[in-house]
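K.L.:
take a look and give me a structure for this.
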Amino acid sequence: MDNVIISNPREFDRKKKAFIKDRKGKIHVLSDFDRTLTKASTKSIISYLRDGRYLTKDYAPKAHALFDKYHPIEIDHNIDYDEKSKKMYEWWKNHKKLIIESGFDKPTIKRCINDMIKEDTLAVRDGIEEFFRYLRKNRIPLVIMSASLEDLINEFMKQKGVYSDNIYVIANSFESKNEKAVGIKRIIHVFNKHEFELKDLPVYDELLKRKNVLLLGDSLGDLGMIEGFPYNNLIKIGFLNENVEDNLEKYKLAYD
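P.N.:
Residues are numbered from 1 along each chain as shown. This is a model prediction of the structure:
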């Protein structure tokens, strides 16, 4: 536990006691996916897809060109937040169009995820499978909001045997026809999660009965997932995966 930091022990203890007092019937979990539920050392689903093997031959070089253009903007702390958000939307719109043009379909999804699991390229953090089972057993809703692809996240959880009807995924999604992606339905990136409110979910009425929220994320942008929700108590757990020295103080201010 040496690498676990509690920013404000007194405030954290207050929140924890409130959660315990209200019991598990008042809790729901709101989480990012890549490098939050999954290990920081494994690839994201998108980066694995971008490496080739699954779509048309010209997909990988074009996808990498987009990455080389936009990723430096994403990690540059000197660029204004609104400008970053604008550029990230531009990146994802162009990338999703490219994915559609490159033949993204249901068989590709299943093959990609099967290979990732077999090669251990994508793995959940230690204890996550037990965490999922606990949430399922106790009927605690888990809302996953991610800048990854909804179809790939769902397929991963199904193949890992952790998918259940208490899980709701809000992520990048496509309009499909005959199991093939034909249009863009929703664009989510790390800086616009605040735009996708929980009230749009069919489970929202249930969430309103569960106003103690456990939020899990690995970026400061993940804090936007809770925006607009009238929670009573919020415990924020942040996974600081890289540039620790540069970002530690910011994370201590933002996360519990």
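K.L.:
show me where this protein has its strands.
P.N.:
Assigned by DSSP state E, the chain shows strands spanning 27-31, 142-149, 167-177, 180-186, 212-217, 233-238.
K.L.:
to Asp82, which of those lies closest?
P.N.:
strand 142-149 (17.3 Å; CB to CB). Any C-beta I mention is one placed from the backbone N, CA and C, and that applies to glycine too.
K.L.:
separation between the closest residue to Lys193 other than its chain neighbours and Lys97?
P.N.:
Sequence neighbours aside, Gly224 is the residue nearest to Lys193 in space, at 4.3 Å (criterion: CB to CB, 6 or more residues apart in numbering). Noted for Gly224: a distance of 25 Å to Lys97, by CB to CB, to the nearest Å.
K.L.:
of the two, who's got more company?
P.N.:
More crowded of Gly224 and Lys97, by other CB atoms under 10 Å: Gly224, with 18 against 12.
K.L.:
which ones are touching that one?
P.N.:
Phe191, Asn192, Lys193, His194, Glu195 (CB atoms under 8 Å, 6 or more residues apart in numbering).
K.L.:
format the strands of the chain as TSV; extra columns: distance to Phe104.
P.N.:
Conversion of those to TSV gives the following (distance: least, CB to CB, whole Å):
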stretch	distance to Phe104
strand 27-31	25
strand 142-149	9
strand 167-177	7
strand 180-186	4
strand 212-217	27
strand 233-238	32
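K.L.:
so which of the ones you listed comes closest to Ala18?
P.N.:
strand 233-238 (4.5 Å).
K.L.:
remind me which residues of the stretch 51-200 of the chain are low pLDDT?
P.N.:
Applying pLDDT under 70 to the stretch 51-200 of the chain picks out residues 195, 197.
K.L.:
now the helices for it?
P.N.:
Using DSSP state H, counting those that start in this stretch, the helices assigned to the stretch 51-200 of the chain run over residues 59-75, 81-101, 106-118, 128-137, 150-160.
K.L.:
buried sites along the shortest one?
P.N.:
This points to helix 128-137. Within helix 128-137, the residues scored as buried using 16 or more other CB atoms under 10 Å are Ile128, Phe131, Phe132, Leu135, Arg136.
K.L.:
with distance to Asn178 as extra columns, can I get the residues you listed in CSV?
P.N.:
Below are the buried residues of helix 128-137 laid out as CSV (distance: CB to CB, whole Å):
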residue, distance to Asn178
Ile128, 34
Phe131, 36
Phe132, 32
Leu135, 34
Arg136, 32
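K.L.:
quickly note the distance from Ile226 to Ile184.
P.N.:
Applying CB to CB to Ile226 and Ile184 gives a distance of 25 Å.
K.L.:
neighbour count: those two, which is higher?
P.N.:
Each of Ile226 and Ile184 has its neighbours counted (other CB under 10 Å); Ile226 has more, 19 against 16.
K.L.:
next one: that one from Leu198, what distance?
P.N.:
Distance, Ile226 to Leu198, by CB to CB: 8 Å.
K.L.:
just Ala123 next, same as before
P.N.:
To Leu198, Ala123 is 28 Å away according to CB to CB.
K.L.:
so between those two, which is more surrounded?
P.N.:
More crowded of Ala123 and Leu198, by other CB under 10 Å: Leu198, with 23 against 15.
K.L.:
now the more buried one, nearest residue through space, not along the chain?
P.N.:
Nearest non-adjacent residue to Leu198, counting by CB to CB, 6+ apart: Phe229, 5.1 Å away.
K.L.:
that neighbour reaches Leu207, doesn't it?
P.N.:
Yes. Contact criterion CB atoms under 8 Å: Phe229 and Leu207 qualify, at 7.3 Å.
K.L.:
and for those two, which residues touch both?
P.N.:
Common neighbours of Phe229 and Leu207 are listed as Leu198 (criterion: CB under 8 Å, 6+ apart).
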